[in-house]
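Student: sharing a model prediction with you, sequence too.
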Amino acid sequence: MLVEKGLALAARYNNQKFEYKFFMLMLRLHPNRDEKITLAKVEHDIIPYFKEHGDFHEYRKALNLVGDYYYKYRAYKSAAEFYKEASLTLINNHDTFKEV
């Protein structure tokens, strides 16, 4: 599939940003793949990466992705924490988000 090819190319060229973007896209398309491992990667690697690099759009998408996983498994309190952070990011950084 093209997403896997994009992920492989990003890894091959050491493009961390696009590796993470393709990884999150792959999770959206195939949500049941090794969920615990992928959830940990998003929480511990991807979210901090986008926050540190000031990419608030991708940061917010990653937060919502984790929130969706927690919501799916009825961990509503954890889901709410991620959704809240995503909302606060949008409010606090509204100048960086542009209408598409």
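Tutor: Received the coordinates, thanks.
Student: SS state for residue 32?
Tutor: For residue 32, the secondary structure call by DSSP: H, G, I helix; E, B strand; the rest coil comes out as coil.
Student: what residue is smack in the middle of this structure?
Tutor: Nearest to the mean C-alpha position of the chain, by C-alpha atoms, centre = their mean, lies residue 62 at 2.0 Å.
Student: surely that residue meets residue 42?
Tutor: Yes. Counting by C-beta atoms under 8 Å, residue 62 sits close enough to residue 42 to count as a contact (5.6 Å). All C-beta atoms are positioned from the backbone trio N, CA, C, and that covers glycine.
Student: and for these two, which residues touch both?
Tutor: residue 24 (C-beta atoms under 8 Å, 6 or more residues apart in numbering).
Student: is it true that residue 60 touches residue 89?
Tutor: Yes. Under the criterion of C-beta under 8 Å, residue 60 is in contact with residue 89, at a separation of 5.0 Å.
Student: how much space between residue 93 and residue 31?
Tutor: Separation of residue 93 from residue 31 (C-beta to C-beta, to the nearest Å): 27 Å.
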